[in-house]
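1. Generate a structure from the sequence data that follows.
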Amino acid sequence: MREHLLHGPLRSLRQPAGAGQPQSASASMPSLPTGGLQLLVIQASPFCNLDCHYCYLPDRGDTRRLPLDLLDRVMAQVMASDLPGPELAIVWHAGEPMAVPRDWYEAAFEIVARHTGGRAVRHHFQTNAVLIDDAWCDFFRRHGVRVGISVDGPAALHDAHRRTRDGRGTHARVMHGVQALRDAGLRFHAIAVLTRDALDQADALYDFFAALGVDQVGFNVEEAEAAHTQSSLQAVGSEAALRAFWARLLQRQQAEPGRLRVREVEAVLAALRHPQFGLVQGNAQNRPGQMLNVDCDGRWCFWSPELLGCRHPRLGEAVMGQLAASDPGFVTGSGLPAWADWQREIDDGVQRCRQECAYFDFCLGGAPSNKLAEHGHFGGSQTLACRLGQQVLIDAVLAALDQQLPPLR
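-> Coordinates of the predicted model:
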């Protein structure tokens, strides 16, 4: 699941035609937008203290940690390139970030601050929340960390999927963490995964998140992706159930304006209001240089963070280089960079989406990780993930607007 990114930092990264300047003058080399990097995803550790049923991470039992001296070299390489812009969001992800001690982050944040200079940097944690306590809340406040919690709704629904390694539910511990955030006066957002059993509980989910006091909730459809090869939403009838889910949720939103902000609804409305709607070329997950993902060994790739470490049947492992090396591989002195062949096939898929899909101006070509998981390559267009995660929602929002119901917020 995309636990971090379809909140806040990522959905707003839309690349208009002609935006950015090429980093290389070579006509044979794909261009990178100078100053286009807005989102840096760093894996402090692949370890997660939970064993959620739908997790895509293949190595969540691995307790290795990103060495601080390696982080220092990573940040030096990134900031020495032409990629970063004046603002940078850093998401600590691809494992449970809070499974790494606070003193490690104290040192890590000092390293980041030293290399980023006068840039505006915002750190983000997307956490399962079971380890949140007063000391962590103090850390979040001192460093201005934006916190997102992963919770699937009421206890019965949440505990069916988000469990410990010995099979116990985690809802009570999550709520304890939520209370700590509330007591500290810290704002937070939430992400919930929509499994098949969640689709019949639109009212229960709406009431739960409205009462939780979140700034915003996002609903990730359960995806077949990376290590998670099957989704419960592949079952017959799931699309109809999801359409009913969104119709009911929108009814509740419109009946109680301002009570609950829903990320997906706001994303559709923002796309419709975008002054370049219909002209945007792609999104941060399928364009190079806007999003950089780095694992705990310093290996990196652009595009979907879920790609890092996956294998393409023709192109091999989705690792474009090692950021501890003297040449980061963003651009090489001769020939094409390692990511060029990947980008060509990703572009082929985006072009197919543009030609074939009526929803293109909303999703802008989708996520390469979903295409690889469902098609075995990047050159395809529609996936189950985009049909359920984008098209069903867009239809529901447009239908609500057509009915001239009270304005969505």
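
2. Work out for me the element residue 218 sits within.
-> In the assignment (DSSP states H and E), residue 218 maps to strand 217-221.

3. so what does that strand touch, helix or strand wise?
-> Helices and strands touching strand 217-221, as assessed by 3 or more Cβ pairs under 8 Å, 6 or more residues apart in numbering; DSSP states H and E, comprise strand 188-194, helix 263-273. Quick note: C-beta positions are derived from backbone N, CA and C, even for glycine.

4. quick one, strands of the stretch 151-300 of the chain?
-> Assigned by DSSP state E, counting those that start in this stretch, the stretch 151-300 of the chain shows strands spanning 188-194, 217-221, 280-283, 291-294, 299-301.

5. Out of those strands, which is closest to residue 135?
-> strand 188-194 (16.6 Å; Cβ to Cβ).

6. Quick check: neighbours of that closest one in the sheet, parallel or antiparallel?
-> Counting by DSSP bridges, the strands paired with strand 188-194 are strand 146-150 (parallel), strand 217-221 (parallel).

7. residue contacts, residue 99?
-> With contact set as Cβ atoms under 8 Å, 6 or more residues apart in numbering, residue 99 has these partners: 45, 47, 48, 49, 131.

8. Now the buried members of those.
-> 45, 47, 48 (16 or more other Cβ atoms under 10 Å).

9. Just put the residues you listed in TSV and tack on secondary structure, distance to residue 127 and pLDDT.
-> What follows is the buried ones among the contacts of residue 99, written out as TSV (DSSP: H, G, I helix; E, B strand; the rest coil; distance: Cβ to Cβ, whole Å; pLDDT from 0 to 100):
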residue	secondary structure	distance to residue 127	pLDDT
45	coil	13	97
47	coil	13	96
48	coil	10	94
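
10. and which of these is nearest residue 105?
-> Nearest member of these to residue 105, counting by Cβ to Cβ, is residue 45, at 11.3 Å.

11. and that closest one, what is it in contact with?
-> Taking Cβ under 8 Å, 6+ apart, we find residue 45 in contact with 62, 63, 64, 65, 66, 95, 96, 99, 100, 296.

12. quick one: the helices in the stretch 301-409 of the chain?
-> Secondary structure of the stretch 301-409 of the chain (DSSP state H, counting those that start in this stretch): helices at 340-356, 360-363, 368-375, 384-386, 392-402.

13. picking up where we left off before, least reliable of the strands of the stretch 151-300 of the chain by average pLDDT, please.
-> Note on the strands of the stretch 151-300 of the chain: lowest mean pLDDT is at strand 280-283, with a mean of 90.

14. Partner strands of that one and their direction?
-> Here strand 280-283 is paired, per DSSP bridges, with strand 14-16 (antiparallel).

15. And the next helix or strand past the partner strand?
-> Toward the C-terminus, strand 14-16 is succeeded by strand 37-42 as the next helix or strand (DSSP H and E).

16. mean confidence score for that next one?
-> For strand 37-42, mean pLDDT is 95.

17. Can you give the strand pairings for it, parallel or anti for each?
-> Note on strand 37-42: by DSSP bridges, its sheet partners are strand 84-92 (parallel), strand 291-294 (parallel).

18. hmm, who's touching the last one?
-> Surrounding strand 291-294, the residues in contact under the criterion Cβ under 8 Å, 6+ apart are 10, 13, 37-43, 74, 78, 83, 94, 284-285, 300-303, 305, 307-308, 323.

19. need the helices and strands packed on strand 217-221 in CSV with mean neighbour count, can you?
-> Below are the helices and strands packed on strand 217-221 laid out as CSV (neighbours: other Cβ atoms under 10 Å):
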stretch, mean neighbour count
strand 188-194, 24
helix 263-273, 17
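
20. Could I get the ones you listed in TSV, plus columns for distance to residue 87?
-> Listed next are these as TSV, based on distance: least, Cβ to Cβ, whole Å:
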stretch	distance to residue 87
strand 188-194	19
helix 263-273	18
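
21. Relative to residue 89, which of those is closest?
-> Counting by Cβ to Cβ, residue 89 lies closest to strand 188-194 out of the helices and strands packed on strand 217-221; the figure is 13.7 Å.

22. picking up where we left off before, redo the helices of the stretch 301-409 of the chain as TSV? Include mean pLDDT, distance to residue 55 and mean neighbour count.
-> Shown next, in TSV, are the helices of the stretch 301-409 of the chain (pLDDT from 0 to 100; distance: least, Cβ to Cβ, whole Å; neighbours: other Cβ atoms under 10 Å):
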stretch	mean pLDDT	distance to residue 55	mean neighbour count
helix 340-356	96	24	18
helix 360-363	95	24	20
helix 368-375	94	14	24
helix 384-386	93	16	23
helix 392-402	95	23	18
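
23. between the ones you listed, which one is nearest to residue 217?
-> Residue 217 sits nearest to helix 392-402 of all those, at 13.6 Å, using Cβ to Cβ.

24. now that closest one, how far from the centre of its chain.
-> 23 Å (Cα atoms, centre = their mean, to the nearest Å).

25. before we move on, back to that, and of the strands paired with strand 37-42, who's closest to residue 206?
-> Among these, the nearest to residue 206 by Cβ to Cβ is strand 84-92 (27.0 Å).

26. looking at it, residue 79 is touching residue 114, isn't it?
-> No - if you go by Cβ atoms under 8 Å, residue 79 and residue 114 don't touch, sitting 9.7 Å apart.

27. Show me which of the two is the more surrounded one.
-> Using other Cβ atoms under 10 Å, the more surrounded residue of residue 79 and residue 114 is residue 79, with 17 against 12.

28. Which helix or strand contains the more buried one?
-> Secondary structure from DSSP H and E places residue 79 in helix 68-80.

29. what does that helix contact?
-> Contacts of helix 68-80 (Cβ under 8 Å, 6+ apart): 37, 40, 42, 84, 104, 107-108, 111-112, 114-117, 292, 294, 297-298, 323-324, 328.

30. Which PyMOL command selects the buried ones in those residues?
-> Per 16+ other Cβ under 10 Å, the buried members of those correspond to this PyMOL selection:
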select buried, resi 37+40+42+84+108+111+112+115+116+292+294+297+298+323+324+328
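
31. Tell me which of the strands paired with strand 37-42 is the most buried.
-> strand 291-294 (a mean of 26; mean count of other Cβ atoms under 10 Å).

32. element containing residue 107, please.
-> Using DSSP H and E, residue 107 falls within helix 102-116.

33. and the next element down the chain from that helix?
-> strand 120-127.

34. Between helix 392-402 and the strand holding residue 218, find me the angle.
-> 130 degrees (axes from the mean of the first three to the mean of the last three Cα atoms, to 10 degrees).

35. No further queries at this time; thank you.
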